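Asks: Need coordinates for the below:
(2 chains)
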Amino acid sequence: MSAVRVLVGTRKGAFILTADGKRERWDISGPHFAGWELYHLKGSPADPNRIYASQSSSWFGQIIQRSDDGGKTWQQPGTPPGEPTTTPDGMPKGESNKFAYDTSSETGKPLTTHQWYDGTPHPWEFKRVWHLEPSQKDPDTVYAGVEDAALFRSSDGGKSWHELPGLRGHGSGSSWAPGAGGMCLHTILLDPSNANRIFIAISSAGAFRTDDGGTTWKPINRGLHSLHIPNPTAEVGHCVHRIAMHRSRPGVLFMQKHWDVLRSDDAGDSWHEISGNLPTDFGFVIDVHAHEPNTIYVVPIKSDSEHFPPDGKLRVYRSRTGGNEWEALTKGLPQSDCYVNVLRDAMAVDSLDKCGLYFGTTGGQVYASRDAGDSWAPIVRDLPAVVSVEVQTLP
Amino acid sequence: MIRVTLPAHLGKLAQVDGEVTLEVAGEVTQCSVLDALEARYPMLRGTIRDHSTQRRRAFVRFFACEQDLSHEPPDALLPDAVATGAEPFRIVGAIAGG
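Replies: Okay, here's the model as predicted:
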C-alpha cells in the first residue's frame, strides 16, 4: 500500500509525519535537531530514503544534514570525525556546511557586493540555506538556494558545495537589494523535460532562468508590475514569493508575488496577472494539483504588513481554470479569529488519488486535505512556527 | 592537554558529552585551540568561526578563568591555567533571545 511522508521544518526543529495511503492516522516523529531552525527538508525523487535538511541558527550558522533511511537517522555528509580535513596534498576535503561564494576570475568579473538598504554597495555574506532541491535523477546531486542570494550545487551527496556563479554574475547582481526578509534565493524549479533548464526566484530581485544547466542566466520578469519599486516594470527588483509548475507542463509557471498572482505560458518570458476574484492577491505559497495542471492553490494573506488571513478566516483558494476564477476552500479550516501566516515553502501536494494537499502555519498547525482541498483537518496543532512543508508519496 | 567545553547544541553535533580534551602543538591560543578542535571534529567547522573570514560568530563567546576572552586577538596566548589544563576553555552560546 502506498504511503505519504510529510517533512516539516519549523523554527525549533524538524518533524516527520507519516501515514498510509488512507491518510487518516498519522505518526509524528521529532523534533529532529531540536532548537535549530529548519528552513527546509526535501526528499530525493530518485531515492525517497535520501532526504536533505537545512539546519541553521543565528548562533552557530549553517549545517546540512542528510538522511539515507527516510529520516530515521541523520548525518552531516562532510568529513567524518577524526579524519583529516585536507587531502595529503593539502586540498580541503568536503565540508557539508561550507558555502563559499565563487569570486574566481575564471567565472568572469568577481562579484563581491550588492546594493544595501541605503543604496551603498554591501559585501555578499552567506547567511543560510533557504531551499534544497534534489535532482530528479541523481540522489547525490542537490541544489541549494541561499541568503545572500546565490545558487549552489552539490554532486557528492552534500559533502561539498559549489556556486553556480553565472546567476549572480549575469549583469544585474550588483543592483539586487534585500527586502525585509533578507535577500534569499527561495525557489528552485528543475524542468523535468529539459535537464539544462532551471527556474529560480529571489526576494527581492525576481525570477531568473537558465537554459544551459546554470552557466548563464536571464531575468524573466516581463509582465510583473510592482508599485513598491521606482520603475514598476523594471527588469529586476520584484519581490517574487514563490513559483510553481506542473511537471507535465513545465513551460507553464504560476507565481505568487508580493502582491499579485501571475501566470506565464512561455517559460517565464512573459507573465500576466490571474488574481481575479481573490479577496487579496498578497500571499506567499502557490502550488499545483498533482494530476490537474490547471488547478492551482494559494492562501491569500491580508497585506504585506498584516501577515494573516483576511477577516481572521483561514482559506485556501483554488482555481480549476489556471487562474482568475477562484473558490474559497474552508471546510475544516478555522473561520474566525485566525491570525497565522503561511510561509512561502509551507505548502505541498502528494500524488495519490485523490490528490492530497498540506500546509503549515506560523501558529504551528499542519493541515491536510485528502480530497484536493475540499475538506481539511489538522495533522498536528501545536508545533513551533512552521517554515516549510514537503511531502513524499511512497510506494 | 587542553580542556574545552562546548555549548549543548555543538556537543550534540560533535556527538560528545561533557568536556573535550585536545592536544595542541606549540603556543596555546584561541586560534590553535579552535584549529585542533575543528581538526578533531570537522562538523564544527563554520559553527564557531565563520568559514570564510575565520572570525568568531557574533553569538559565540569564549570564556576562561572567569574572564571574557571573546575580544582578545585570536593569536594571543591563553591563560596558563588553560594551557596546563587546570581550567577549561569555555565556548559559550550567547544569551541572545530565541
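Asks: Could you tell me which helix of chain B is the longest one?
Replies: Longest helix of chain B, by residue count under DSSP state H: helix B:30-40.
Asks: quick one: residue B:37 and residue B:23 touch, right?
Replies: No: using C-beta atoms under 8 Å, residue B:37 is not in contact with residue B:23, being 11.1 Å away. For every residue, glycine as well, the C-beta is placed using N, CA and C.
Asks: okay, these two: which has more neighbours?
Replies: More crowded of residue B:37 and residue B:23, by other C-beta atoms under 10 Å in any protein chain shown: residue B:37, with 22 against 8.
Asks: Which pLDDT value goes with the more buried one?
Replies: In this model, residue B:37 is scored at 95, pLDDT.
Asks: now it: how far from residue A:254?
Replies: 48 Å (C-beta to C-beta, to the nearest Å).
Asks: Next: residue A:305.
Replies: Distance, residue A:305 to residue A:254, using C-beta to C-beta: 25 Å.
Asks: Likewise for residue B:39?
Replies: Taking C-beta to C-beta, one finds residue B:39 at 49 Å from residue A:254.
Asks: of these two, who's got more company?
Replies: In terms of neighbours (other C-beta under 10 Å), residue A:254 is the more surrounded of residue B:39 and residue A:254; the figures are 26 against 18.
Asks: Tell me which other helices or strands whichever strand or helix holds the more buried one touches.
Replies: Element membership of residue A:254 [criterion: DSSP states H and E] is strand A:253-257. Helices and strands in packing contact with strand A:253-257 are listed as strand A:240-245, strand A:261-264, strand A:282-288; criterion 3 or more C-beta pairs under 8 Å, 6 or more residues apart in numbering or on different chains; DSSP states H and E.
Asks: for the closest residue to chain B within the stretch 251-395 of chain A, helix, strand, or coil?
Replies: Relative to chain B, the nearest point of the stretch 251-395 of chain A is residue A:384 (11.1 Å; C-beta to the nearest C-beta). At residue A:384 the chain is in coil, as set by DSSP: H, G, I helix; E, B strand; the rest coil.
Asks: Could I get the contacting residues of it?
Replies: By C-beta atoms under 8 Å, 6 or more residues apart in numbering or on different chains, the residues touching residue A:384 are A:10, A:11, A:12, A:13, A:31, A:364.
Asks: count of neighbours near residue B:60?
Replies: Neighbours of residue B:60 using other C-beta under 10 Å come to 19.
Asks: Now it: phi and psi?
Replies: Backbone torsions of residue B:60, given as degrees, to the nearest 10, read phi -110, psi 140.
Asks: Tell me where chain B is predicted with low confidence.
Replies: Low-confidence regions of chain B, defined by pLDDT under 70, span residues B:96-98.
Asks: hmm, back to that, can you list which of the contacts of residue A:384 are found in helices?
Replies: Short answer: these have none in helices (DSSP H).
Asks: These in strands, which ones?
Replies: The strands, defined by DSSP state E, take in A:10, A:13, A:31 from the contacts of residue A:384.
Asks: out of those, which one sits closest to residue A:39?
Replies: residue A:10 (9.7 Å; C-beta to C-beta).
Asks: So the closest one sits against residue A:382, correct?
Replies: No: taking contacts as C-beta under 8 Å, residue A:10 lies outside contact range of residue A:382: 10.9 Å.
Asks: Would you mind listing the buried residues in the strand holding residue A:254?
Replies: A:253, A:254, A:255, A:256, A:257 (16 or more other C-beta atoms under 10 Å in any protein chain shown).
Asks: pLDDT for the residues you listed - can I get that in JSON lines?
Replies: Below are the buried residues of strand A:253-257 laid out as JSON lines (pLDDT from 0 to 100):
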{"residue": "A:253", "pLDDT": "98"}
{"residue": "A:254", "pLDDT": "98"}
{"residue": "A:255", "pLDDT": "98"}
{"residue": "A:256", "pLDDT": "98"}
{"residue": "A:257", "pLDDT": "96"}
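Asks: in which helix or strand would I find residue B:63?
Replies: Applying DSSP H and E as the criterion places residue B:63 in strand B:60-64.
Asks: Partner strands of that strand, with direction?
Replies: Looking at strand B:60-64 with DSSP bridges, its partner strands are strand B:67-68 (antiparallel), strand B:89-93 (antiparallel).
Asks: Point out the most buried one among those strands.
Replies: Counting by mean count of other C-beta atoms under 10 Å in any protein chain shown, strand B:89-93 has the highest mean neighbour count of the strands paired with strand B:60-64, with a mean of 22.
Asks: Tell me how far that one lies from the chain's centre.
Replies: When C-alpha coordinates are averaged (C-alpha atoms, centre = their mean, to the nearest Å), strand B:89-93 and its chain have centres 6 Å apart.
Asks: residues in contact with that strand?
Replies: In contact with strand B:89-93 (C-beta under 8 Å, 6+ apart) are residues A:59-60, B:2-7, B:9-10, B:33, B:48, B:59-64, B:78, B:82.
Asks: shouldn't residue B:17 be in contact with residue B:11?
Replies: Yes: contact status for residue B:17 versus residue B:11: in contact at 6.8 Å, counting by C-beta under 8 Å.
Asks: So for these two, which residue has more residues nearby?
Replies: Counted by other C-beta under 10 Å, residue B:17 and residue B:11 do not tie: residue B:11 has more neighbours, with 18 against 9.
Asks: Let's see the helix or strand containing that one as PDB, backbone CA atoms only.
Replies: Per DSSP H and E: residue B:11 is located in helix B:8-14. Extracted C-alpha coordinates of helix B:8-14, given in PDB (Å, rounded to 0.1, in the frame of the first residue of the first chain):
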ATOM      1  CA  ALA B   8      25.000  21.900  24.200                       C
ATOM      2  CA  HIS B   9      24.000  22.200  20.500                       C
ATOM      3  CA  LEU B  10      27.600  21.900  19.400                       C
ATOM      4  CA  GLY B  11      28.200  19.000  21.700                       C
ATOM      5  CA  LYS B  12      25.300  17.200  20.000                       C
ATOM      6  CA  LEU B  13      26.700  18.000  16.600                       C
ATOM      7  CA  ALA B  14      30.100  16.600  17.600                       C
END
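Asks: now the helix or strand just after that helix: how far from the chain's centre is it?
Replies: Downstream of helix B:8-14, the next assigned helix or strand under DSSP H and E is strand B:20-22. Distance, stretch centre to chain centre, for strand B:20-22: 10 Å (C-alpha atoms, centre = their mean).
Asks: ok, and for strand B:20-22, which residues are buried?
Replies: B:20, B:22.
Asks: Paired strands for that strand, with orientation please.
Replies: Strand B:20-22 pairs in its sheet with strand B:2-5 (antiparallel), by DSSP bridges.
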